[in-house]
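# Sequence unavailable; structure follows:
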């Protein structure tokens, strides 16, 4: 995961050498600032070329609005989704179609609703609502992680407990001891493949231990399995153990919710979200959901099912072809710019949407701020941690897919310059 | 609203006459039952011919995915909606585009979220959450009304108070005295034009009094103005006073939420929902909403905006042309079949999706049950009342748009037969 080849190289320099270097870097920084750039590495957004891969989806129904079971998608009905879209969800999530519901354009909404139902209504029975205990409940958050998972907890006043994300997934020793000790811990957020932001994929052992977690935990434990990047290889695929099968074997299927989305397959924000679960839990979810909506957009479900049928693999290869040069540019820039100094570590994901960079402790916010001054907008430092607070102030998320290749290169140059400059200044302060 | 021409005619008959009639009606009922029909007047669904009016919307983007302000709708961004869709919402709701947000495929979801935010989060400020008082809050429900409004209250444990819906809208004298007396009444549901299910349109005086209601009520009162049928004339248009302007004048704009949807304009369940509100309230709503979703389907927003631009009026005239014969068939059947007996009253809406029939007290559930036995499925008796309970057991909602004309005619024949048979049986019991 990390690149430590030149570790300490910068730290070993004399104060005079550092001051000289600081002058050079500052001069370059001032030049760039004057140039008034405007580059954005903020969010995991596909680029225009990527979304163009799906342009033909608009209009592809071509007057045929009938599902394989004879339903007219232009009319009301069918809260759980149309059959062919369930099949698509089943492929994406690796579980039977009868365990799938098809949502609207946002898997995040399905996650929010799941958490809200579990808290206020009970996902299992009316007695199972987390708030029934009257005590503040808690949730495990592997860090660094996805800010929007954390903000769901924040919005619902669920206390978040950070646990480290390693190269093989969350630190399971720590997690197991935490849930054994505290039955108020009601679940865990997981992005198991090409994780946001480190890009790691959980090992088989980790997945198996997560599948068994509900047996160690208090009642009504919930594994929130956001498999957002299941088919999003960039360099090569990494196999992920099938948690649905493992949870079935472990007898913990009722404690598992799996999510997927086509937002980063077809159109970002106009795709289709999916949830997979035990059949009874799914029915309970729909029972609560029916108060909020008559049903989701079945035209869009049908478009997606037809568009991706038999073409998903090729389609994702086309995505990879477009974004691979950008990921390579990020790696090359980090390698060239930072490995000798030994001041930072970063991930080398095989897929997904992000690269995670750790700068010296106490400098992430400063580096992000400096980059902004120089015209490069990054995800706010701390965003990958609960409450937006990285305790080490070290982690920076790099999202290279959206900008043009040359902009990724320019932005990386600036990010590296800022990282080096901030590090040198920190070392000078320490040595003065 | 009512047809009382032959009032009492059936009631004036002798027991022998009634028994003779009961025999005839029973014989016909048994014949029909044996025929094993399967007709559905359940829900307000457009028919296939209606949704076909919008078939060209699929594919109409024709490779142009850019909004008038230069946004690529195929990517993330823009929680409040694209400009041209706000313009469409502005036309439908009669308020400025800057007071509009564009939602997903379900205005019902926007209503649910509004109610949930008002209850749990505060629509105005964090102190304004209804649940902050610790007391059970209440909501006014004009009856008969829309079952899905009532079930939102039920789901959120908000107590419902029924108030009568007259030909000119809700009984305002009663409402004003209720809200003055009880500050725990926090709002009212309204379907102000071609109301569900009576089809009445609120009078100017009623709208003005509703706009002023927040001044009489306790803090944080909410007018839920579901203008679902604003452009849905069938026979002729009825003008509705502009509550946005009236509330602005009354200084109560912060207490008003307006809703609209294209579900019954384009595709039912694949349309676009809208909410209109005071700009600050809208911002507060979006502030809560951002935890649940990154944004709504902007491709569908753009399709709708382009499809309906300059063609909304013609499009709605085409809808009217298709469903007018069905509404006429309902009226003719009721007139021919029931006016002489004087046992029922019904509405004669100029637009919307429903006709409301009141059978003799205590008979609605029985009539609906008998119709089901004879192969005609109607909305469950009581559905138009809070908790699914019509205290008089009298109201039946007729939804004639979805079935074919000949099926509407057959279903009405059966509904009328059941109404007459049940009424005769009730009279016989009373006279025996």
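Thanks, I have the structure now. Since this is a predicted model, take the numbers as computed values, not measurements. Numbers count the residues shown, from 1 in each chain, chains lettered A, B, ... in the order given.

# that's a helix at residue A:87, yeah?
Yes: membership of residue A:87 in a helix is supported by DSSP: H, G, I helix; E, B strand; the rest coil.

# What mean pLDDT does the longest strand along chain A get?
The residue-count maximum for a strand in chain A (DSSP state E) belongs to strand A:159-166. For strand A:159-166, mean pLDDT rounds to 98.

# again, but for stretch A:66-79
96.

# Distance check, the residue in the stretch 201-350 of chain A that chain B sits nearest to against residue B:150.
Nearest residue of the stretch 201-350 of chain A to chain B: residue A:291, at 3.9 Å (C-beta to the nearest C-beta). Every C-beta, even on glycine, is put in place using the N, C-alpha and C of the backbone. For residue A:291, the distance to residue B:150 equals 10 Å [C-beta to C-beta, to the nearest Å].

# The two - which one has more neighbours?
Taking other C-beta atoms under 10 Å in any protein chain shown, residue A:291 and residue B:150 do not tie; residue B:150 has more neighbours (23 against 19).

# anything in the helix or strand where that one lies near chain A?
Using DSSP states H and E, residue B:150 sits within helix B:147-155. Yes: residues of helix B:147-155 are located near chain A by C-beta under 8 Å from any C-beta of the partner chain, namely B:148, B:151-152, B:154-155.

# Export the residues you listed to CSV and append columns for neighbour count, distance to residue B:86 and pLDDT.
Compiled in CSV, the residues of helix B:147-155 next to chain A are given as follows (neighbours: other C-beta atoms under 10 Å in any protein chain shown; distance: C-beta to C-beta, whole Å; pLDDT from 0 to 100):
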residue, neighbour count, distance to residue B:86, pLDDT
B:148, 19, 25, 96
B:151, 19, 29, 97
B:152, 23, 25, 98
B:154, 16, 32, 97
B:155, 17, 29, 97
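
# Name the nearest of those relative to chain A.
Among these, residue B:155 lies closest to chain A (C-beta to the nearest C-beta), at 3.9 Å.

# Leaving aside the residues adjacent along the chain, what's closest to the closest one?
Leaving aside its chain neighbours, residue B:155 sits nearest to residue A:291 (3.9 Å; criterion: C-beta to C-beta, 6 or more residues apart in numbering or on different chains).

# do the same with residue A:288
residue A:117 (4.6 Å).

# Run a quick neighbour tally on residue A:24.
Number of residues near residue A:24 (other C-beta under 10 Å) recorded here: 12.

# Check the gap between it and residue A:360 for me.
For residue A:24, the distance to residue A:360 equals 19 Å [C-beta to C-beta].

# Then residue A:20?
Applying C-beta to C-beta, the value for residue A:20 to residue A:360 is 20 Å.

# Can you pick out the residue with more neighbours from these two?
Counted by other C-beta under 10 Å, residue A:20 and residue A:360 do not tie: residue A:360 has more neighbours, with 21 against 13.

# need the helices for chain A, in chain order.
For chain A, the helices defined by DSSP state H cover A:15-35, A:48-52, A:83-93, A:107-116, A:147-155, A:172-181, A:204-216, A:243-250, A:279-289, A:298-308, A:312-338, A:364-373, A:405-431.

# what does the stretch 201-350 of chain A put close to chain B?
By C-beta under 8 Å from any C-beta, the residues of the stretch 201-350 of chain A that approach chain B are A:263, A:267-270, A:288, A:291-300, A:303.

# again, only using 10 Å
Proximity of the stretch 201-350 of chain A to chain B (C-beta under 10 Å from any C-beta of the partner chain) is limited to residues A:263-264, A:266-273, A:288-303.

# Separate out the buried members of those.
A:263-264, A:266-273, A:288-289, A:291-303 (16 or more other C-beta atoms under 10 Å in any protein chain shown).

# Quick check: the gap between the residue nearest to the spatial centre of chain A and residue B:84.
Nearest to the geometric centre of chain A sits residue A:196, at 3.2 Å (C-alpha atoms, centre = their mean). With distances taken as C-beta to C-beta, residue A:196 is found 33 Å from residue B:84.

# Give me the contact list for stretch A:360-370.
By C-beta atoms under 10 Å, 6 or more residues apart in numbering or on different chains, the surrounding residues in contact with stretch A:360-370 are A:10-11, A:29, A:33, A:341, A:343-344, A:357-359, A:376-384, A:390-397, A:414-423, A:425-427.

# what's the residue lying closest to residue A:73 once chain neighbours are set aside in contact with, if anything?
Nearest residue to residue A:73 in three dimensions, chain neighbours excluded: residue A:298, at 3.8 Å (C-beta to C-beta, 6+ apart). Neighbour list for residue A:298: A:65, A:67, A:71-78, A:81-82, A:85, A:102, B:105, B:267-270 [criterion: C-beta under 10 Å, 6+ apart].

# any idea how far residue A:306 is from the residue in chain A that chain B sits nearest to?
Closest residue of chain A to chain B, C-beta to the nearest C-beta: residue A:59 (2.5 Å). For residue A:59, the distance to residue A:306 (C-beta to C-beta) stands at 11 Å.

# ditto for residue A:212
Look at residue A:212 and residue A:306: by C-beta to C-beta, they are 39 Å apart.

# what do you get for residue A:400?
Relative to residue A:306, residue A:400 is positioned 31 Å away (C-beta to C-beta).

# out of the two, which sits in the busier spot?
Set residue A:400 next to residue A:306 and count neighbours by other C-beta under 10 Å: residue A:400 wins out with 26 against 18.

# With the flanking residues excluded, which residue is spatially nearest to the more buried one?
Distances taken as C-beta to C-beta, 6+ apart put residue A:326 closest to residue A:400, at 4.3 Å, once the chain neighbours are dropped.

# thinking that neighbour is in contact with residue A:401, fair?
Yes: between residue A:326 and residue A:401 a contact is recorded at 6.2 Å, counting by C-beta atoms under 10 Å.

# Residues that sit against both of these two, list them.
In contact with both residue A:326 and residue A:401: A:47, A:234, A:408, using C-beta under 10 Å, 6+ apart.

# I figured the first one was touching residue A:325, is that so?
In other words, residue A:47. No: the criterion here is C-beta under 10 Å, and residue A:47 misses it with residue A:325 at 11.2 Å.

# Tally up the residues packed near the nearest residue to the residue of chain A closest to chain B once chain neighbours are set aside, please.
Distances taken as C-beta to C-beta, 6+ apart place residue B:59 nearest to residue A:59, at 2.5 Å, with adjacent residues excluded. A count of neighbours around residue B:59, defined by other C-beta under 10 Å, yields 17.

# so what's residue B:59 up against?
Residues in contact with residue B:59 (C-beta under 10 Å, 6+ apart) are A:56-63, B:303.

# circling back to that earlier point, tell me the one of the residues of helix B:147-155 next to chain A nearest residue A:181?
residue B:155 (35.5 Å; C-beta to C-beta).

# Could I get the pLDDT score of the closest residue to residue A:104 other than its chain neighbours?
Distance criterion C-beta to C-beta, 6+ apart; nearest residue to residue A:104, sequence neighbours excluded, is residue A:296 at 4.3 Å. Looking at residue A:296, its pLDDT reads 98.

# quick one: contacts for residue A:296?
Neighbours of residue A:296 in contact, by C-beta under 10 Å, 6+ apart: A:78-82, A:85, A:101-105, A:109, A:272-273, A:289, B:104-106, B:109, B:269-270.

# neighbours around the residue nearest to residue A:288, how many?
Residues near residue A:117, counting by other C-beta under 10 Å, number 19.

# State the distance from it to residue B:26.
From residue A:117 across to residue B:26, the span is 48 Å (C-beta to C-beta).

# Same check on residue A:85?
48 Å.

# In terms of packing, which of those two has more residues around it?
residue A:85 (31 against 14).

# just checking, the more buried one touches residue A:102?
Yes: with contacts counted by C-beta under 10 Å, residue A:85 reaches residue A:102, the gap being 4.3 Å.

# so what sits against both of the two?
Contacts common to residue A:85 and residue A:102, judged by C-beta under 10 Å, 6+ apart, are A:78, A:272, A:274, A:296, A:298, A:300-301, A:304-305.

# now, which of these sits nearest residue B:138?
Among these, and counting by C-beta to C-beta, the member closest to residue B:138 is residue A:296, at 31.7 Å.
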